[in-house]
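**Student:** What follows is a predicted protein model with its sequence.
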Amino acid sequence: MVIFKAQARRLALILPLALLSLPGSAETNSTRPSLKVSYALTQTTVSPAFQEEDLWARIRAGFSLGEPNPALIRAHEQWYAKRPAHLERVIERSRPYLFHIVEEVEKRGMPMEIALLPIIESAFDPKAESPAKASGIWQFIPATGRVYGLKQNEWFDGRRDILQSTRAALDYLGNLHAMFGDWELALAAYNCGEGCVQRAQRASGRRDYASLRLPTETRHYVPKLVAVRNIVRDPESFGLRLDAIANDSYFMQVRLQHPIEARQAAKLAEMSLDEFLLLNPAFKRRVIHTDTRGVLLLPADRIETFQFNLHQKGADKRLRTYSARKGENLADIARKFGVSLAWLREHNPVKTYKGQLTVAQTLVVPGTVGKATPTAKKQARAEPGRRTYTVKTGDTLDRVAQLHNVRIADLRRLNENVDPLMPGSVLAIPEISS
């Protein structure tokens with residue numbers, strides 16, 4: 001049965017992590033900092049639907065909405081049927097997220113059509129933003145997002161977080177269903193607001209969705225969702241084909257006790273930055289950092305690689321926080337931690353006037369200062385004839401490149417871990433650019 005295969009795959013991932021965390025099983029070098037990471041798996045729901053190999057079969061088994069306006073439904077079916085490339089792109093974008101959404105919808109006993117709602121809300125684009133400032137795959141406006149606990153600040157936008165926004169969207173829809181007693185009305189209210197639907201009910205004296213005079217977008221909203229449902233239920237009748245999606249967790253959660261740059265986290269997981277950001281789109285400055293512990297998502301098959309690499313070289317990758325005072329000079333802070341002003345501004349939402357902080361704020365800065373990077377030293381030793389340079393406090397890549405008349409790109413090519421430069425680290429210097 002598929003469920004046993006899925007559990008076996010998860011155990012194969014979890015056991016190596018557990019072994020690495022056992023006392024005495026890790027390297028006992030007292031100089032190695034403690035690197036604590038915790039993991040969370042999506043709870044597996046043992047149900048008949050879970051026996052299916054293909055997630056689409058599980059989704060189809062949960063459909064339950066009726067057809068409130070057949071004419072509009074047919075029109076939207078034809079729209080999607082004539083644009084197979086669009087639907088293919090949207091389905092491909094849904095792959096990392098859809099299993100988790102199906103799990104959550106199923107746990108709450110909701111119509112499975114709701115799992116398809118991001119198709120019409122955002123085309124499953126976590127970076128989608130509407131003219132009304134709605135954001136994320138569930139398209140929360142800022143105010144509604146805050147009501148449902150989605151944190152929004154200059155570091156993090158919970159409306160784009162896959163786990164948090166899904167929880168909030170289903171909470172909201174559940175509350176709307178409790179208010180109206182009908183899923184079609186709940187979906188209409190999700191689109192235009194509960195007040196909009198209540199006013200339409202009072203004006204018409206009717207209670208059902210199909211009879212209400214609603215805004216044009218809202219009148220089309222449920223028929224469009226049902227049209228997508230009909231295509232998913234029987235794609236062949238529309239001349240379409242849906243590629244299979246595994247009925248298994250795509251990602252796992254990882255909790256970090258220290259901030260880390262997104263690109264460094266992606267390197268530790270040995271995955272592309274673009275793929276990493278698709279799972280972690282809520283971090284606005286590409287730094288995994290919130291007011292609490294950083295939480296990131298990784299593909300389930302990358303967890304063991306990430307944990308191994310984090311244990312081996314994560315101490316050099318992590319960032320830490322620095323409590324900066326109001327009036328403190330930003331250039332002084334940059335020099336103190338051996339980074340450029342540009343690096344500090346890129347990684348922090350700083351507010352300055354004439355180079356000084358206008359408010360006291362917490363900044364992320366390199367976790368280690370004055371420590372040579374092992375990679376750079378290894379590279380410098382590997383080719384004795386090559387020039388080397390020991391980084392000084394206040395150095396930047398641009399300054400080092402100008403000093404040695406070389407290109408920044410060539411410095412990056414020869415030296416890993418140069419963002420940021422650490423005072424005391426040794427850089428290999430390329431031949432002079434022609």
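**Tutor:** Done, it's in.
**Student:** residues of stretch 255-272 that come out buried?
**Tutor:** 256, 258-269, 271 (16 or more other C-beta atoms under 10 Å). Using the backbone N, CA and C atoms, a C-beta is placed for each residue, glycine as well.
**Student:** can you put those residues in JSON lines and add distance to residue 359?
**Tutor:** Shown next, in JSON lines, are the buried residues of stretch 255-272 (distance: C-beta to C-beta, whole Å):
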{"residue": "256", "distance to residue 359": "26"}
{"residue": "258", "distance to residue 359": "24"}
{"residue": "259", "distance to residue 359": "20"}
{"residue": "260", "distance to residue 359": "25"}
{"residue": "261", "distance to residue 359": "24"}
{"residue": "262", "distance to residue 359": "25"}
{"residue": "263", "distance to residue 359": "28"}
{"residue": "264", "distance to residue 359": "28"}
{"residue": "265", "distance to residue 359": "28"}
{"residue": "266", "distance to residue 359": "31"}
{"residue": "267", "distance to residue 359": "33"}
{"residue": "268", "distance to residue 359": "33"}
{"residue": "269", "distance to residue 359": "35"}
{"residue": "271", "distance to residue 359": "36"}
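**Student:** Using JSON lines, please lay out these together with distance to residue 248 and pLDDT.
**Tutor:** What follows is those, written out as JSON lines (distance: C-beta to C-beta, whole Å; pLDDT from 0 to 100):
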{"residue": "256", "distance to residue 248": "25", "pLDDT": "83"}
{"residue": "258", "distance to residue 248": "30", "pLDDT": "81"}
{"residue": "259", "distance to residue 248": "31", "pLDDT": "85"}
{"residue": "260", "distance to residue 248": "27", "pLDDT": "87"}
{"residue": "261", "distance to residue 248": "30", "pLDDT": "88"}
{"residue": "262", "distance to residue 248": "25", "pLDDT": "89"}
{"residue": "263", "distance to residue 248": "28", "pLDDT": "88"}
{"residue": "264", "distance to residue 248": "28", "pLDDT": "89"}
{"residue": "265", "distance to residue 248": "23", "pLDDT": "91"}
{"residue": "266", "distance to residue 248": "23", "pLDDT": "92"}
{"residue": "267", "distance to residue 248": "26", "pLDDT": "91"}
{"residue": "268", "distance to residue 248": "23", "pLDDT": "92"}
{"residue": "269", "distance to residue 248": "19", "pLDDT": "93"}
{"residue": "271", "distance to residue 248": "18", "pLDDT": "94"}
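**Student:** In these, find the pair that's most separated.
**Tutor:** Within the buried residues of stretch 255-272, two members stand farthest from each other by C-beta to C-beta: 258 and 271, at 20.0 Å.
**Student:** before we move on, the earlier item: and which of the buried residues of stretch 255-272 is nearest residue 214?
**Tutor:** residue 262 (41.2 Å).
**Student:** State the pLDDT value of the residue nearest the centre of the chain.
**Tutor:** Most central in the chain under C-alpha atoms, centre = their mean is residue 280, positioned 1.6 Å from the mean C-alpha point. As predicted, residue 280 sits at a pLDDT of 95.
**Student:** quick one: it and residue 92, what's the gap?
**Tutor:** 19 Å (C-beta to C-beta, to the nearest Å).
**Student:** can you check residue 192 too?
**Tutor:** 30 Å.
**Student:** before we move on, back to that, out of the buried residues of stretch 255-272, which comes closest to residue 349?
**Tutor:** For these, the residue nearest residue 349 by C-beta to C-beta is residue 259; the value is 13.5 Å.
**Student:** tell me the contacts of that closest one?
**Tutor:** Going by C-beta atoms under 8 Å, 6 or more residues apart in numbering, residue 259 touches 287-289, 294, 318-321, 364.
**Student:** rerun that using 10 Å as the cut-off
**Tutor:** Counting by C-beta atoms under 10 Å, 6 or more residues apart in numbering, residue 259 makes contact with 155, 283, 287-290, 293-294, 318-321, 347, 364-365, 367.
**Student:** what does residue 232 give?
**Tutor:** Counting by C-beta under 10 Å, 6+ apart, residue 232 has contacts 56, 59-60, 63, 87, 91, 112-113, 115-116, 119, 240, 242.
**Student:** same deal with residue 237?
**Tutor:** Counting by C-beta under 10 Å, 6+ apart, residue 237 touches 77, 81, 230-231.
**Student:** Now do the buried residues in stretch 287-305.
**Tutor:** 287-290, 294-300, 302-304.
**Student:** and what of stretch 347-359?
**Tutor:** For stretch 347-359, using 16+ other C-beta under 10 Å, the buried residues are 347-348, 350, 357.
**Student:** What distance do you get for the nearest residue to residue 146 once chain neighbours are set aside to residue 260?
**Tutor:** Leaving out its chain neighbours, the residue that sits closest to residue 146 by C-beta to C-beta, 6 or more residues apart in numbering is residue 152, at 6.7 Å. To residue 260, residue 152 is 21 Å away according to C-beta to C-beta.
**Student:** Okay, helices next: where are they in the stretch 1-150 of the chain?
**Tutor:** 2-21, 55-61, 70-81, 84-107, 117-121, 142-147 (DSSP state H, counting those that start in this stretch).
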